[in-house]
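>>> below: sequence and its predicted model.
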Amino acid sequence: MLLSLTFPPKYRHRTTTALPPLLLKLCFSPSTAHQCHSLSAEELTFPTDPDATARLLSNCLSSDRHSDVLSILRRTPPCRAAVFYWNNLIKRSVSLQDQRNALHLFDEMRSLKWIPDEYTYPYVLKACGDLSVLVTGASVHGLALISGFTNSNVFVDNATIAMYGRCGANDKARQLFDEMLKRGVFDTISWNSIISIYVQSGDFRRALRMFEEMVSRGDIMLRADAVSLVNVLPACASAKSWRSGMEMHGYAIRRGLLEDVFVGNAIVDMYAKCGLMDGAKNVFDRMEMKDVVSWNALVTGYSQFGKFDDALGLFERMREKGIELNVVTWSAVIAGYAQRGLGYEALDVFREMIVSRSQPNAVTLVSVLSACAAVGALVQGKETHCYVIKEFLNLKGNDPGDEMMVINGLIDMYAKCKIFGIARAMFNSIEWKDRSVVTWTVMIGGYAQHGEASDALELFCEMVSNKCRIMPNGFTISCALVACARLGALRLGKEIHTYALRNRYEEAMLFISNCLIDMYAKSGDVDAARAVFNNMYHRNAVSWTSIMTGYGLHGRGEEALQIFEGMRKAGLAVDGVTFVVVLYACSHSGMVGKGLDYFNNMRNDFGIVPEVEHYACMVDLLGRAGRLNEAMKLIKDMPMQPNPIIWVALLSGCRLHGNVEIGEHAVNKLLELNFENDGLYTLLSNIYASARRWKDAAKIRLLMKNSGIRKRPGCSWVQGKKGTATFFVGDKSHPMTKEIYNLLDDLIYRIKIMGYVPETSFALHDVDDEEKGDLLLEHSEKLALAYGILTTAPGLPIRITKNLRVCGDCHTAFTYISRIVEHEIILRDSSRFHHFKNGSCSCKGYW
DNA sequence: GTAGGGTTAG
């Protein structure tokens, strides 16, 4: 129909039955001729005059009627002169990012017996490269080879190299490049292509070497141009080789290439990524032509090297100057806030972005979600989820990888807001094949960090099982180790340690090792933690503080302080966190004098102002040592408002030393702060019970009952040969219950002879002492110990973990029992580790 | 041919 409108009327009644001689000559096969004969009546209006066809094609092309061009080509017998029009259609398709269509056009033209020329191949090869279809690309390469274009036309060869590069066949690309070098037929583009391949595949060193070789050849015909620099500068940036970058900067000045805004931008970016912000700023200031990319490069440089204020200043200047902000600018600022944990500020910027009608993309949304995750802003996170559904997901032209990233961001956000139900449902709804390592990792990490450590490990095991066979990355390993640390899952932690060593996680080894230190220390084996620490190539402040915390946890304060001195000698910056750890180690080791010294001198000697956490450590330290009045005085003299942690620390001290008066004070303060939990009431009730104030203890229990607060049940677990056995108070569900209780009876009988007297105040119940002794017998840690003794080979340590603080009576009983069993008993409670051996405990009373 | 993003440790 269209055709009939565009044809000049004089051709209307001509038919194609009799082809003019020229066209006949150019017909390649009878089949095409046959097609010409089988046109419908309407289509018979097609011009038979080749000149008229050429004019018509030219007209259609110049008036952008591309579908008409195609229709005409389909009806025109193949001819060399008109291949140009096919090329044009293919080129257009490629530039419109419709690579599939480009390949279809190529197929169609060949099936119609047209012969592609030296201009066709580069476009088609580019389409193959963009689609990363190696097999198709190689067959196109083969066609070009038979047709005689390969090895004779530098454009086709360059395009072939680029195609192989995009398909990941770097060796093949290099082979072709080397052949071109041998023949002496190459140009700057050939070099740029091969260098670009190395940059894309992350082989920055080789890319830089190739660039140097290119420049040092001194070939007048082969000059590195703006494209070469723009190609290779990101390699300097990624490899952090600012020396090469500076040489390129010099080269750009010598060759007058700095005027190219792309080159200028690439140099600014190179300096910024190498952390040389002054260099970046200098180049930026001297650039005559700047665009939004120049600004963005500088803004992100400042943001990523901790100079976020400078980044924000630039952002403001951009706005003052009326520079049109693009999605990258907005995203960079949002991400900057999010990374610093300033989630609400990030959300404000996002709101502004929407108001200014900038269209957020995947990167923006991911940053916004990470902002929500950082501050646990569930409502805003859900709003963002709605936005994602309405404005982003299933949008035409979305990159599936981008969609996946946003979904990962959503899962992470829900998990960090502790909405595991939604997070897990989203995770489950993703098809197996679509789940990436990151998808698994955000889910595992979410569980691990927010108290669902066993779910984390279950998922981790599923991920690496034969069913899934997903290779965890460094992040995954770290998350799994965090979960092990939480559970004290030494056995699995060790397995993961071996796995990490076997599978070479070099680039993540700092993180993994730091997690390993923490895992070993929190699983009771601080010496293994120390071994990991000693074997590290690189250590950072976290490594030092982790091993210090480990020693602190185990009451090995002297060693912790030695580590602290080592850290200072190694020239590492000491910060507030370091001092929290130092004071913590002192308090768990009863080193009151040392702790006071450090606390009193930290401001003068290290310039660190004590914050509320440091005061909490001091209250804990004095409280554990029974110096409760001093602790009270410290709280009174604090320059800031005491927070619940301070009062809980004081209350624990009161429990340990039976101080009713100060304990009541602490509880009142906690209630004023609306801090209520089961632990608080249990502590107070314990304090009353130990002072034999049964009525008050009963009152508290009644209060708990009436206000619906239930004491979290004590729960202990022990790692046996056949996995982990868990015990609650009075638990009789274990298959070995009979043996366990028999052994306990026997042990208690024997330690009573040695002088053990049940400390009945720890049984909350208001019953006579004989019966209380029985209730004490049923404490979960005692059950776990008996099970441990029954299932552990003599000489090996028994590792028990308790969810709450260990009970005082159990502590005494364990001390006695450690004299008669051939095991070291390592008990981890919610506060610290106790190593019972030969009738003494490592905590030396400071528990 | 340049700029931005998700998951890890004290």
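Looks like it came in fine.
>>> how close does the nearest residue in space to A:Gly341 that is not next to it in sequence get to DNA strand B?
Distances taken as Cβ to Cβ, 6 or more residues apart in numbering put A:Ala374 closest to A:Gly341, at 4.9 Å, once the chain neighbours are dropped. Where C-beta positions appear, they are placed from N, C-alpha and C, glycine not excepted. Note on A:Ala374: its distance to DNA strand B, by Cβ to the nearest atom of the strand, to the nearest Å, is 8 Å.
>>> what's around A:Ala374, how many residues?
Close neighbours of A:Ala374, defined as other Cβ atoms under 10 Å, add up to 19.
>>> then the one 5 residues further on?
Using other Cβ under 10 Å, A:Val379 has 9 other residues around it.
>>> next: A:Tyr537.
8.
>>> over to the one 5 residues further on?
A:Val542 is flanked by 16 other residues according to other Cβ under 10 Å.
>>> what about the closest residue to A:Gly446 other than its chain neighbours, which SS state?
Distances taken as Cβ to Cβ, 6+ apart place A:Ala415 nearest to A:Gly446, at 2.3 Å, with adjacent residues excluded. Three-state assignment for A:Ala415 (DSSP: H, G, I helix; E, B strand; the rest coil): helix.
>>> just to check, A:Ala415 is in contact with A:Ile444?
No - the pair A:Ala415 and A:Ile444 does not pass the contact test of Cβ atoms under 8 Å, sitting 9.3 Å apart.
>>> of those two, which one has the most company?
Set A:Ala415 next to A:Ile444 and count neighbours by other Cβ under 10 Å: A:Ile444 wins out with 30 against 26.
>>> where do the helices sit along the stretch 501-650 of chain A?
With DSSP state H, counting those that start in this stretch as the definition, the stretch 501-650 of chain A shows helices at residue ranges A:509-522, A:526-534, A:541-553, A:557-569, A:576-588, A:592-606, A:612-624, A:628-637, A:644-657.
>>> report the contact partners of the residue nearest to A:Gly341.
Applying Cβ atoms under 8 Å, 6 or more residues apart in numbering to A:Ala374 gives the contacts A:Ala338, A:Gly341, A:Leu342, A:Gly343, A:Ala346, A:Lys416.
>>> which element is it on?
helix A:362-375 (DSSP states H and E).
>>> that helix: how far from the chain's middle?
Distance, stretch centre to chain centre, for helix A:362-375: 13 Å (Cα atoms, centre = their mean, to the nearest Å).
>>> after it, heading C-terminal, what element do we hit next?
Note on helix A:362-375: by DSSP H and E, the next helix or strand toward the C-terminus is helix A:378-391.
>>> for chain A, what spans make up the strands?
In chain A, the segments counted as strands under DSSP state E are A:715-720, A:723-728, A:798-802, A:825-828, A:833-837, A:840-841.
>>> of these, flag the one that's most buried.
strand A:798-802 (a mean of 26; mean count of other Cβ atoms under 10 Å).
>>> low pLDDT regions in chain A?
Along chain A, the model assigns pLDDT under 70 to residues A:1-48, A:761-774.
>>> can I get stretch A:627-634 in PDB, CA atoms only?
Extracted C-alpha coordinates of stretch A:627-634, given in PDB (Å, rounded to 0.1, in the frame of the first residue of the first chain):
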ATOM      1  CA  ARG A 627      33.300  -1.100  93.600                       C
ATOM      2  CA  LEU A 628      29.700   0.000  93.100                       C
ATOM      3  CA  ASN A 629      29.800   3.300  94.900                       C
ATOM      4  CA  GLU A 630      32.600   4.400  92.700                       C
ATOM      5  CA  ALA A 631      30.600   3.300  89.700                       C
ATOM      6  CA  MET A 632      27.700   5.400  91.000                       C
ATOM      7  CA  LYS A 633      30.000   8.400  91.400                       C
ATOM      8  CA  LEU A 634      31.300   8.000  87.900                       C
END
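>>> give me the contacts around it.
Applying Cβ under 8 Å, 6+ apart, the external contacts of stretch A:627-634 come out as A:592, A:615, A:618-619, A:622-623, A:650, A:653-654, A:657, A:659, A:662, A:665.
>>> then stretch A:739-754?
A:734, A:756, A:777, A:782-783, A:786-787, A:789-790, A:813, A:816-817, A:819-820.
>>> tell me who's in contact with the closest residue to A:His657 other than its chain neighbours.
Excluding the flanking residues, the one nearest A:His657 by Cβ to Cβ, 6+ apart is A:Gly626, at 4.5 Å. Contact analysis of A:Gly626 by Cβ under 8 Å, 6+ apart lists A:Gly653, A:Leu656, A:His657.
>>> turn those into TSV, columns for distance to DNA strand B and neighbour count.
Compiled in TSV, the contacts of A:Gly626 are given as follows (distance: Cβ to the nearest atom of the strand, whole Å; neighbours: other Cβ atoms under 10 Å):
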residue	distance to DNA strand B	neighbour count
A:Gly653	22	24
A:Leu656	23	22
A:His657	27	17
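>>> ok, back up a step: next, the angle from the helix holding A:Ala374 to helix A:378-391.
160 degrees (axes from the mean of the first three to the mean of the last three Cα atoms, to 10 degrees).
>>> same list, the strands of chain A, but as JSON lines with distance to A:Ile189 please.
Shown next, in JSON lines, are those (distance: least, Cβ to Cβ, whole Å):
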{"stretch": "strand A:715-720", "distance to A:Ile189": "63"}
{"stretch": "strand A:723-728", "distance to A:Ile189": "63"}
{"stretch": "strand A:798-802", "distance to A:Ile189": "65"}
{"stretch": "strand A:825-828", "distance to A:Ile189": "65"}
{"stretch": "strand A:833-837", "distance to A:Ile189": "66"}
{"stretch": "strand A:840-841", "distance to A:Ile189": "75"}
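>>> now those strands as TSV including distance to DNA strand B?
Shown next, in TSV, are the strands of chain A (distance: least, Cβ to the nearest atom of the strand, whole Å):
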stretch	distance to DNA strand B
strand A:715-720	21
strand A:723-728	22
strand A:798-802	17
strand A:825-828	15
strand A:833-837	14
strand A:840-841	23
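>>> without its sequence neighbours, what residue ends up closest to A:Glu613?
Nearest residue to A:Glu613 in three dimensions, chain neighbours excluded: A:Val580, at 5.1 Å (Cβ to Cβ, 6+ apart).
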